[in-house]
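1. Based on what follows, work out the 3D shape:
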Amino acid sequence: PQQHGSSLIKKKQFSKEVDLQANNNFHLVYTSKMSVDELIDLMKRLKAAPLDSKEREIFECMVSNFYDEWQYFPQYPPPELKITANLFGKIVGQGIVEGIHLDEALRFLLQSLRVETDAGMREFATQALANCESIFPHQKSLVRALYYRFYSLEQEGLSKPNKEDQFPSTMYFQALIASPGDIPSSSTVPPEKLQNNVEAVFNNLSYSNLDVTINKLNGYVEQPYFKWFASYFVNDRVKFESKSSDLFGAIFRRLKTKEWQDAIRSRAFEEARTLIRNHLDRGAAASGKEIKVLRNIGAFIGRITLATNKPVLASDLDLTALIKRTYQRDLVNSQRANKETWYLLDYVIPFVCKVLESCKESRVFRRRQPWIKTLFSLLKETHSLVSKTSIQFEVEAIFSHLGYEKDTIPVAPSLTFIDVSTRVLPNGLGASSNKKTHFFVGLTAADAFRYRNLRPNDFESARNYINISDSLPIDDFETIAAGLVESSFREVLPPVSKRSIVIACNTTIHTLAKDFIYEPSILMLRGVAISMAKKLASSLAHVTSFDSLRQSLNSKLKTEFKKYPSLQQPIVDRVIKNITDANVELGAIFMRISCVDDVPIHLDNLLKNAYEARRKSRKGPYAEENTIQAIASLPERIRPPASGISHKELRVYEVFGTPPLLPFVPLVVSPSPQQQQQQQELQLLPFHLETYQVQLLLALQVMNIMGPKLDIFVQISLVSTTLPLLIHPQICKIHL
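-> Reported below is the predicted structural model:
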């Protein structure tokens with residue numbers, strides 16, 4: 001185990017002159033001759049200097065010395081520790097450090113927030129985190145870890161935030177976790193004693209006490225703590241302890257329930273996707289430490305899948321697509337740099353090879369298995385096309401480890417035909433998380449799977465789905481047509497998104513006004529409002545974008561093809577119609593999943609007065625006087641209780657957080673013939689009955705509130721949506 005404050009990053013040797021200059025820059029801050037913000041600006045300038053310059057070397061020395069100093073922070077006097085916390089937080093929050101350096105900094109802050117840590121260091125970590133709040137929305141795993149830490153501190157009375165929903169409180173971190181149903185409840189955080197017991201078990205792990213270790217873990221960890229354990233196991237152990245990967249695989253196989261194993265498997269794949277995606281976005285060379293961390297996760301993934309005769313599903317991680325996309329990205333980077341730069345393959349290939357190492361223990365995934373043959377064909381092709389020694393070594397090592405001769409592996413050329421002008425390839429990442437997002441905005445299971453690699457506001461991912469089935473005698477016809485389709489998406493998205501968000505947010509606020517008038521919880525109000533507004537906005541964007549997309553596509557294609565007067569007009573018209581028909585549904589779905597990202601920002605702006613009223617008083621009502629009087633005049637049965645929104649009323653809004661994919665089957669004990677007939681009628685409904693009720697009520701609410709402001713197309717769409725609901729006999733009975 002790491003000593004508190006020590007860093008896993010090896011210290012690089014610098015010249016005395018560079019080391020002196022780096023230390024002098026810090027000295028200016030602690031002697032009040034330079035402010036922390038001025039030092040941050042200086043570090044940004046030094047970081048932006050060329051890689052081989054003295055300024056860049058000074059920057060690297062400053063980062064190295066700062067990390068090396070962590071072990072002495074507990075000995076700092078309070079004034080200096082306060083300055084250091086401010087500096088630490090801004091170094092993390094303003095992008096001064098990235099990759100493994102950022103991971104190490106966050107790991108240190110989490111370590112400083114343990115219950116047994118000195119109070120001064122807990123205050124240091126809290127102050128540092130307050131200075132880097134900007135990174136929280138992009139660090140979901142960090143937010144969850146902070147939730148667990150501050151929950152433990154609050155339980156022990158060691159953390160008392162000024163306000164329940166502000167930093168640093170568990171409610172604050174709950175609000176940052178945006179996915180419906182993903183907010184951890186208090187029951188998912190084990191007591192501090194249990195956390196310490198689990199950590200002690202891993203600190204003493206060895207082959208000789210493996211049976212004892214597994215018995216202890218199966219006794220300590222119950223179902224509510226599976227997700228917490230998965231996060232601890234993968235993030236704190238698997239990533240950093242390469243020598244124990246065999247032991248970790250043995251532990252995984254002998255855990256007491258499949259649900260526990262699924263939580264760990266999901267966490268491992270999510271961590272691998274996150275690390276690879278972050279590195280692809282950065283596009284720079286990885287350090288040896290970063291490569292090692294990803295290799296460790298790859299080795300573990302292999303042991304929990306291939307070694308147990310289970311496949312690495314493409315929905316979790318598509319290794320063939322990952323290699324192809326990485327190769328393509330490196331080609332683009334090499335062209336820009338005018339030299340070969342295989343930075344991304346140098347990061348990904350060791351990971352893939354580590355996953356495949358476990359084929360040696362598998363009875364299924366041998367060289368004749370089609371998926372294995374494809375992967376090894378790709379690796380062999382990579383070895384022949386990429387001249388970087390480290391990549392070639394990894395490929396040769398995996399062939400040697402499994403006893404495969406390269407000459408006996410046939411190559412079906414794939415990478416050979418990829419170049420910088422090829423259409424952008426899918427990267428094989430994020431399929432499962434995108435499916436979850438697509439379910440949330442209401443796509444069917446089939447569409448959610450079909451468009452699993454379609455990412456919100458990512459036009460590059462949309463381009464992969466563009467369908468150009470017809471052709472004309474024009475050079476690069478497919479490229480030109482696909483570019484025009486993408487251009488239409490870019491043109492239509494902003495107005496459709498803005499309009500849908502405004503209507504959805506206003507409708508949501510008016511709908512919630514009555515039920516939440518006495519509800520004091522900002523977290524509950526915000527969570528329900530965001531889920532409801534996102535579902536409404538996505539549906540409106542889908543419905544209202546068809547005509548705009550069709551008009552834009554027709555206009556752009558006609559304008560482009562006018563440049564070729566020799567083309568026959570009937571053929572051109574047919575091709576334009578076919579291209580439009582083939583891609584307008586894709587565009588509508590892209591609008592649907594893309595418009596929801598800006599909903600929380602717009603909604604928070606509209607609800608800021610409601611938030612402020614709840615911060616000032618924990619007792620309602622929270623509304624203007626005329627609204628309070630109107631609600632007070634309602635009949636008692638529909639008047640909201642002064643105690644806040646009830647669980648029964650809240651169930652109506654829960655529909656917005658889950659996709660309506662399953663038919664509703666009522667629970668009836670010994671049903672009568674009439675009840676059996678009603679059951680059969682209800683089972684004929686394609687979606688959940690409560691969802692129909694909510695859709696109907698909301699459509700009517702939108703018409704009532706926003707009717708005069710909606711154009712005739714939207715009104716017709718809403719009416720056509722509600723008519724099938726109104727005429728269904730079961731719906732009529734309920735509403736009558």
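
2. Count the neighbours of Pro78 for me.
-> 10 (other CB atoms under 10 Å). Heads up, the C-betas are built off the backbone N, CA and C, glycines and all.

3. How about it: what's its closest non-neighbour residue?
-> Once flanking residues are discounted, Pro78 sits nearest to Gly120: 7.0 Å by CB to CB, 6 or more residues apart in numbering.

4. That neighbour and Glu80, how far apart?
-> Per CB to CB, to the nearest Å, Gly120 is found 11 Å from Glu80.

5. if you count what's nearby, which of those two comes out ahead?
-> Gly120 (17 against 13).

6. for that one, phi and psi?
-> For Gly120, the backbone dihedrals are phi -60, psi -40 (criterion: degrees, to the nearest 10).

7. and it, what does it touch?
-> By CB atoms under 8 Å, 6 or more residues apart in numbering, the contact set of Gly120 is 74, 78, 81.

8. just checking, the first one touches Asp118?
-> To tie it back to what came earlier, the one meant is Pro74. Yes - using CB atoms under 8 Å, Pro74 is in contact with Asp118, at 5.8 Å.

9. Buried ones in stretch 267-287, by neighbour count?
-> Neighbour counts using 16 or more other CB atoms under 10 Å place 267-276, 279-280, 286 of stretch 267-287 among the buried residues.

10. Name the SS class of Leu313, please.
-> What DSSP: H, G, I helix; E, B strand; the rest coil gives for Leu313 is coil.

11. Could you give the number of residues near it?
-> Neighbours of Leu313 using other CB under 10 Å come to 12.

12. Asp262 versus that one, what's the distance?
-> Distance, Leu313 to Asp262, by CB to CB: 13 Å.

13. again with Arg325
-> Arg325 is 27 Å from Asp262, by CB to CB.

14. Pick out whichever of these two has more residues nearby.
-> Higher neighbour count among Arg325 and Asp262: Arg325, with 21 against 12, using other CB under 10 Å.

15. can you tell me which helix or strand the more buried one belongs to?
-> Secondary structure assignment for Arg325, by DSSP states H and E: helix 319-337.

16. which helices and strands does that helix pack with?
-> helix 258-282, helix 343-356, helix 370-385 (3 or more CB pairs under 8 Å, 6 or more residues apart in numbering; DSSP states H and E).

17. For His542, what is the enclosing helix or strand?
-> helix 522-561.

18. And whatever helix or strand comes next after that helix, what's buried?
-> Moving toward the C-terminus from helix 522-561, the next helix or strand (DSSP H and E) is helix 569-594. When burial is assessed from 16+ other CB under 10 Å, helix 569-594 yields the following buried residues: 572, 575-576, 579-580, 583-584, 586-594.

19. now stretch 383-392
-> Buried-residue list, stretch 383-392, by 16+ other CB under 10 Å: 383, 385-386, 388, 391.

20. now do stretch 17-36
-> So, applying 16+ other CB under 10 Å, buried residues of stretch 17-36: 18-19, 21-22, 25-26, 29, 34, 36.

21. Please apply the same query to stretch 129-140.
-> Applying 16+ other CB under 10 Å to stretch 129-140 flags 129, 131-132, 135-136, 139-140 as buried.

22. so how far is that stretch from its chain's centroid?
-> Stretch 129-140 sits 14 Å away from the centroid of its parent chain (CA atoms, centre = their mean, to the nearest Å).

23. Repeat that for stretch 342-353.
-> With CA atoms, centre = their mean, you get 22 Å for stretch 342-353.

24. same check, this time on stretch 104-123
-> The mean C-alpha position of stretch 104-123 is separated from the chain mean by 26 Å, CA atoms, centre = their mean.

25. average pLDDT for that stretch?
-> The average pLDDT within stretch 104-123 is 83.

26. now the end-to-end length of that stretch.
-> 19 Å (CA to CA, to the nearest Å).

27. Next, the buried residues of the helix holding His542.
-> So, applying 16+ other CB under 10 Å, buried residues of helix 522-561: 522-546, 548-550, 552-554, 556-557, 560-561.

28. go on, stretch 40-57?
-> Buried residues in stretch 40-57 (16+ other CB under 10 Å): 40, 42-43, 46-47, 55, 57.

29. And those, which two are furthest apart?
-> By the measure CB to CB, Ile40 and Glu57 form the most distant pair in the buried residues of stretch 40-57, at 18.8 Å.

30. Please verify my assumption that Met591 contacts His542.
-> Yes - counting by CB under 8 Å, Met591 touches His542, with 6.4 Å between them.

31. just to revisit the earlier point, kindly calculate the angle that the helix holding Arg325 makes with helix 258-282.
-> Going by axes from the mean of the first three to the mean of the last three CA atoms, to 10 degrees, helix 319-337 is angled at 20 degrees with respect to helix 258-282.

32. Please export the C-alpha coordinates of helix 319-337 as CSV.
-> Output of helix 319-337 as CSV, limited to C-alpha atoms (Å, rounded to 0.1, in the frame of the first residue of the first chain):
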residue,chain,number,x,y,z
LEU,A,319,-11.3,-4.5,-30.0
THR,A,320,-11.1,-4.8,-33.9
ALA,A,321,-12.9,-1.4,-34.4
LEU,A,322,-10.6,0.1,-31.7
ILE,A,323,-7.4,-1.0,-33.5
LYS,A,324,-8.7,0.3,-36.9
ARG,A,325,-9.8,3.7,-35.6
THR,A,326,-6.5,4.1,-33.6
TYR,A,327,-4.5,3.3,-36.7
GLN,A,328,-6.5,5.8,-38.7
ARG,A,329,-6.0,8.5,-36.1
ASP,A,330,-2.3,7.9,-36.0
LEU,A,331,-2.2,8.3,-39.8
VAL,A,332,-3.9,11.7,-39.5
ASN,A,333,-1.5,12.8,-36.8
SER,A,334,1.5,11.6,-38.8
GLN,A,335,0.4,13.6,-41.8
ARG,A,336,0.0,16.7,-39.7
ALA,A,337,3.5,16.2,-38.1
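
33. to the chain's geometric centre, what's the distance from stretch 220-233?
-> Worked out by CA atoms, centre = their mean, stretch 220-233 lies 21 Å from the chain centre.

34. most distant residue from the middle of the chain?
-> The C-alpha centroid of the chain is most remote from Ser566, which lies 49.5 Å away (CA atoms, centre = their mean).
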